[in-house]
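Participant: this is a predicted model, with the sequence first.
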Amino acid sequence: RNAHVASTCCCLHGTLHMMRSVGCVARADKVKGKQSVTNGDSVGLPGWALDLLARPVSDAHQEIVDLSGLTPDEREAAARRFPLARYCEDAEVWVLNSTQARFRQLLSAFAREIPGNTTVVDFASAEADFVAYFQHCRYLAMDFSAAKLHRAIELGRVSFAVVADVTKSPLRECATDVIVSTNTLMHLEHMLRGPAAGSLGRALRPGGLLATTVLTSDVDAILAHLGGGFSVVEQCGLRGPLSRHVGERLARVLRRVTQSRQPSIAGRQLIRAGNAAARAIARAERLALSAESERWAMQWLVVRKSA
């Protein structure tokens with residue numbers, strides 16, 4: 001009988017140990033995010049991501065594949081142009097101005113309408129700040145800054161990414177269902193903005209969507225470069241006068257007061273209050289200005305490629 005009890009205890013101990021191990025693995029997978037599930041145990045770009053690219057990739061086993069076409073010295077210089085974000089790692093306590101608050105609402109609503117398992121390329125993804133919106137999709141982060149992509153992997157937001165230049169897109173024609181490229185085109189030289197948008201449009205499959213933010217003054221030129229095969233699905237004004245003169249100043253003050261990767265409890269509460277104020281400013285601005293008003297400095301633009 002004693003031997004039987006001892007044997008039973010050993011079995012229970014082994015079962016509990018196994019359950020704890022499985023729990024640890026499950027928690028690690030949850031932290032790693034959607035891509036760890038999609039990519040399995042392998043390292044590097046999965047097959048579906050490789051299929052998006054216009055040419056074969058020799059180093060596909062790497063977590064970050066460099067298709068920028070830059071030399072090491074050029075990559076180093078490019079990385080210095082794109083410093084890592086100084087916000088807290090916890091996205092819930094980032095300081096947002098009213099334009100960013102409104103933009104995130106629009107992007108979140110856009111992402112919710114995308115069917116599950118859709119291929120989404122986030123071009124100029126930075127540190128994959130918005131991957132949480134697309135966890136039901138196959139998400140590929142692309143950015144010009146390898147440092148930011150490395151940071152995204154360190155934070156567990158993605159497990160693979162591609163270094164690429166939006167003006168020299170490595171995507172093949174008709175490659176993907178959705179491209180998101182926000183706060184990107186407006187930072188290019190003026191002559192490059194339209195052609196860059198056109199190259200992103202060519203990478204979309206028929207019926208695919210391009211979601212972007214652009215300067216109001218660039219909307220007509222960008223639509224012209226996309227050509228007649230695209231229709232506007234959604235267009236909303238961003239960064240009106242209230243956001244520029246009140247919302248952005250409030251955000252700058254909050255950042256000076258709370259800037260830290262580990263803000264205090266009081267700092268977190270202050271940030272949340274400030275972000276609530278930013279959302280209120282954006283809401284008041286939408287009520288005060290018509291969608292067609294020329295006082296909007298930027299536009300949220302979603303276009304669909306004809307089937």
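Facilitator: Thanks, I have the structure now. Numbering: from 1, shown residues only.
Participant: use CA for all of it now, contacts and neighbours both
Facilitator: OK.
Participant: which of the residues in the longest strand belonging to the chain are buried?
Facilitator: Longest strand in the chain, counting residues (DSSP state E): strand 204-215. Neighbour counts over strand 204-215 (16 or more other CA atoms under 10 Å) mark L204, R205, P206, G208, L209, L210, A211, T212, T213, V214, L215 as buried.
Participant: which parts of the helix or strand following that strand are buried?
Facilitator: Toward the C-terminal end, the helix or strand that comes next after strand 204-215 (DSSP states H and E) is helix 219-226. Of the residues in helix 219-226, V219, I222, L223, H225, L226 count as buried by neighbour count, 16+ other CA under 10 Å.
Participant: could you dump those to TSV with distance to W300 and pLDDT?
Facilitator: Below are these laid out as TSV (distance: CA to CA, whole Å; pLDDT from 0 to 100):
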residue	distance to W300	pLDDT
V219	10	91
I222	13	89
L223	13	90
H225	17	87
L226	16	88
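Participant: closest to W296 out of these?
Facilitator: Nearest to W296 among the buried residues of helix 219-226, counting by CA to CA, is V219 at 12.0 Å.
Participant: contacts only, for the closest one.
Facilitator: The contact partners of V219, taken as CA atoms under 8 Å, 6 or more residues apart in numbering, are Q299.
Participant: mind running it again at 10 Å?
Facilitator: Applying CA atoms under 10 Å, 6 or more residues apart in numbering, we find V219 in contact with G194, T213, Q235, M298, Q299, W300, L301.
Participant: quick one: A273 and F110, what's the gap?
Facilitator: Here the criterion is CA to CA, to the nearest Å. By it, A273 lies 25 Å from F110.
Participant: those two: which has the busier surroundings?
Facilitator: F110 (15 against 12; other CA atoms under 10 Å).
Participant: hang on, the earlier thing: and the contacts of V219 as TSV, adding distance to T258?
Facilitator: Below are the contacts of V219 laid out as TSV (distance: CA to CA, whole Å):
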residue	distance to T258
G194	38
T213	28
Q235	34
M298	27
Q299	29
W300	29
L301	32
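Participant: now, of these, which are buried?
Facilitator: By 16+ other CA under 10 Å, the contacts of V219 give G194, T213, Q235, M298, Q299, W300, L301 as buried.
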